[in-house]
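# task: produce atomic coordinates for the following.
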Amino acid sequence: MKILPKFAIAALAALALVTSVPAQAAPKKDFKVAWSIYVGWMPWGYAADNGIVKKWADKYGINIEVVQFNDYIESINQYTAGSLDGVLSTNMDALAIPSVGGVDTTALIVGDYSNGNDAIILKDKKSLADIKGQKVNLVELSVSHYTLARALETVGMSEKDVTVVNTSDADMEAAWKTSDVTAMVTWNPMVASIMQDSRANSVFDSSALPGEIQDLLVVNTDTLNDNPEFGKAMVGIWFETLALMQSGTPEAKAARESMAKASGTDLAGFEGQLKTTKMFWTPAEMVAFTDGDLVPAMDKVRNFLFTHGLLGNNAASADVVGIEFSDGKIIGDKSNVKFRFTDKYMKLAADGKL
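Modelled structure (predicted):
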């Protein structure tokens, strides 16, 4: 199974599906969360298959279904439409689709950020400046597109200096082998495969954008507020699974091997992808990141979305949607806060109070 894209290409179309999810009148017992294949999200599939999800759900007297979607964007669309209580998403896509669509959404778990998984690769050229005038193959309106835009800024260029060629992730490796393709932006494992070509040179990657491309578990804010047990259980599931992965035991190796197989690679390939992913392995690490200054990163993300028309047709500026951080600071429209970071449940884990 290939790693699926993490992109907002269907963002505007998804808005047509949106139905705002009302606050729960009373606590509920059944919850459904979706995940898709990506190195930083593989622990969820393992936890679901090996009793960890059930263990924590039982602890809090609830039922949690963690379901895999083969179509990442469809999982976000289903969450936006109210069919799911939570979904694994990048920060960019969570803002672009459900939040813009009016669904108040909270980042319950800030699991990791891309730290080299996304890269710009040139054929027979070794400098990012050489990209000027080239056609660049990438998944349009994706984190790859964002990576390109941010990279161009570092060398005094903009998207006007290149021609973006929308290319399916499934076609990336085959496209690279053609003579017409000389520049590409993609993510692992495609990056690792393409870089085996002696003509390929990685001239920029997401390690130069620390903290900007975040991988999150986002949940409906009203559902979370009405059902704190749901939040506690999800955070408990996550950190128990990560603790197992780090334990250095035969069970840890077996868990990593299982995740590697489920993601379509071997243990070495999976470990390689983990190296280019900044995982927050402990609650304390996650709290420190979430409580850090996330404003610059989210400001860059929202401005990219605004520039590319992904904050809605009527958006007059990037301020159309309010974003609230764990310290209560808000950027954007304070009367329309639809995207939130919280450290509440992470801190409970850090303090051993789950």
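
# can we go C-alpha only for contacts and neighbour counts from here?
Fine.

# which stretches of the stretch 151-300 of the chain have low pLDDT?
For the stretch 151-300 of the chain, no stretch is flagged by pLDDT under 70.

# in the sheet, who's paired with the residue nearest the centre of the chain?
For the chain, the residue nearest the mean C-alpha position is residue 90 (2.3 Å; CA atoms, centre = their mean). Here residue 90 sits in beta bridges with residue 215, going by DSSP bridges.

# hang on, isn't it packed against residue 214?
Yes. Assessed by CA atoms under 8 Å, residue 90 is found in contact with residue 214 at 5.4 Å.

# tell me the mean pLDDT over the longest strand along the chain?
Longest among the strand segments of the chain by residue count, using DSSP state E, is strand 105-114. Taken as a whole, strand 105-114 has an average pLDDT of 98.

# each with direction, which strands does that strand pair with?
Applying DSSP bridges, one finds strand 105-114 paired with strand 214-220 (antiparallel), strand 277-279 (antiparallel), strand 337-341 (parallel).

# could you dump it to PDB, C-alpha only?
Written as PDB, here are the backbone C-alpha positions of strand 105-114 (Å, rounded to 0.1, in the frame of the first residue of the first chain):
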ATOM      1  CA  THR A 105     -12.100  22.100  15.000                       C
ATOM      2  CA  THR A 106      -9.500  21.400  17.800                       C
ATOM      3  CA  ALA A 107      -6.100  19.900  17.400                       C
ATOM      4  CA  LEU A 108      -6.200  17.400  20.200                       C
ATOM      5  CA  ILE A 109      -2.900  15.700  19.300                       C
ATOM      6  CA  VAL A 110       0.000  17.500  17.600                       C
ATOM      7  CA  GLY A 111       1.800  14.300  16.600                       C
ATOM      8  CA  ASP A 112       4.700  15.500  14.500                       C
ATOM      9  CA  TYR A 113       5.900  17.800  11.800                       C
ATOM     10  CA  SER A 114       7.600  17.100   8.500                       C
END
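
# buried stuff in that strand?
Of the residues in strand 105-114, 105, 106, 107, 108, 109, 110, 111, 112, 113, 114 count as buried by neighbour count, 16 or more other CA atoms under 10 Å.

# check contacts around the fourth one.
Residue 108 makes contact with 216, 217, 218, 219, 231, 235, 341, 342, 343, 345, according to CA atoms under 8 Å, 6 or more residues apart in numbering.

# and those, which is closest to residue 84?
residue 219 (8.6 Å; CA to CA).

# isn't the closest one up against residue 107?
Yes. Between residue 219 and residue 107 there is a contact under CA under 8 Å: 6.6 Å.

# out of the strands paired with strand 105-114, which comes closest to residue 287?
Using CA to CA, the nearest of the strands paired with strand 105-114 to residue 287 is strand 337-341, at 10.7 Å.

# who touches that closest one?
94-95, 99-100, 102-108, 290, 321-326, 330.

# quick one: buried ones out of those?
Judged by 16+ other CA under 10 Å, buried ones among the contacts of strand 337-341: 94-95, 99-100, 102-108, 290, 321-326, 330.

# one step back: among the contacts of strand 337-341, which lie within helices?
94, 290 (DSSP state H).

# state the number of residues packed around the closest residue to residue 212 other than its chain neighbours.
Sequence neighbours aside, residue 297 is the residue nearest to residue 212 in space, at 5.0 Å (criterion: CA to CA, 6 or more residues apart in numbering). Residue 297 has 16 neighbours, counted by other CA atoms under 10 Å.

# which of the three states applies to residue 297?
What DSSP: H, G, I helix; E, B strand; the rest coil gives for residue 297 is helix.
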